[in-house]
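Novice: A structural model of the following input is requested.
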Amino acid sequence: MLGPPGQAQLAGVPAALVQRPDRHLVLQRRQRRLLVLEAGELIRSYPVAVGMPGWDTPVGRFEVLNMQVNPVWEHPAKGTRIGPGPANPLGSRWIGFQKDCAGRRGVSGDQVLDLQGCLMTGFHGTPHRWTVGRAVSHGCVRLHDESVQELFELVQVGTSVTVLP
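Specialist: Next up is the predicted model:
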């Protein structure tokens with residue numbers, strides 16, 4: 001659900017980020033909120049889910065690397081695939097912003113995942129609306145599907161993404 005743009009949501013965002021002239025994204029991990037900013041104005045604000053402890057959403061400066069409508073989700077450990085539709089964990093849109101080729105290892109529920117090769121972190125929808133607002137993902141940023149559809153129209157490859165702690 002889209003939050004109303006307001007200056008209170010900019011609390012804790014460094015002034016240099018707010019005042020940038022270009023359209024850019026700021027993810028406030030602690031607040032579990034994604035802001036779309038342009039020329040000192042808050043254009044949109046969305047509640048999000050972020051990475052759970054041990055699978056934290058990476059902090060830093062990134063940019064949108066790729067975008068996809070109706071993505072296919074591939075289980076990172078098993079390799080099984082889920083195509084577009086209501087059961088797809090990525091929802092209807094994918095906006096990738098970080099690539100890590102070091103692999104990852106960590107506990108996920110009752111199993112240990114040992115992921116090899118390059119992994120992408122991105123913004124995506126979710127069929128599990130209840131997860132938005134929580135720290136439950138493996139690093140990606142989940143939005144309500146209608147929110148990620150709107151966000152998809154507001155960004156392009158190369159759009160700057162800053163993830164704050």
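Novice: any low-confidence regions in this protein?
Specialist: Scanning the chain for pLDDT under 70 picks out the ranges 1-7, 76-77, 103-118.
Novice: Please enumerate the helices of it.
Specialist: For the chain, the helices defined by DSSP state H occupy 15-18, 145-154.
Novice: Export those helices as a markdown table, with columns for distance to H24.
Specialist: Any C-beta I mention is one placed from the backbone N, CA and C, and that applies to glycine too. As requested, those are exported to a markdown table (distance: least, Cβ to Cβ, whole Å):
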| stretch | distance to H24 |
| --- | --- |
| helix 15-18 | 7 |
| helix 145-154 | 11 |
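Novice: Pick the most buried one from those.
Specialist: Across the helices of the chain, averaging neighbours per residue (mean count of other Cβ atoms under 10 Å) puts helix 145-154 on top, at a mean of 18.
Novice: which residues are contacting that helix?
Specialist: Residues outside helix 145-154 that contact it (Cβ atoms under 8 Å, 6 or more residues apart in numbering) are 1-2, 23, 34, 36, 43-44, 46-47, 67, 69, 91-93, 95, 123-127, 143.
Novice: switch the cut-off to 10 Å
Specialist: When contacts are defined by Cβ atoms under 10 Å, 6 or more residues apart in numbering, helix 145-154 is touched by residues 1-3, 23, 25, 34, 36, 38, 43-48, 67-69, 86, 88, 90-95, 122-127, 129, 132, 141-144, 159.
Novice: Can you tell me which of those residues are buried?
Specialist: By neighbour count, with 16 or more other Cβ atoms under 10 Å, the contacts of helix 145-154 hold 23, 25, 34, 36, 44-48, 67, 88, 90-95, 122-126, 132, 141-144, 159 as buried.
Novice: on that earlier part again, among the helices of the chain, which is nearest R81?
Specialist: The closest of the helices of the chain to R81 is helix 145-154. By Cβ to Cβ, the value is 19.3 Å.
Novice: now that closest one: how far from the chain's centre is it?
Specialist: Offset of helix 145-154 from its chain centre (Cα atoms, centre = their mean, to the nearest Å): 12 Å.
Novice: Same check on stretch 127-143?
Specialist: 9 Å.
Novice: cool, and stretch 83-102?
Specialist: 9 Å.
Novice: Mind checking the helices of the chain for the one nearest to H75?
Specialist: helix 145-154 (20.1 Å).
Novice: Next step: the contacts of helix 145-154 restricted to strands.
Specialist: 23, 25, 34, 36, 38, 43-47, 67-69, 93-95, 122-124, 141-142 (DSSP state E).
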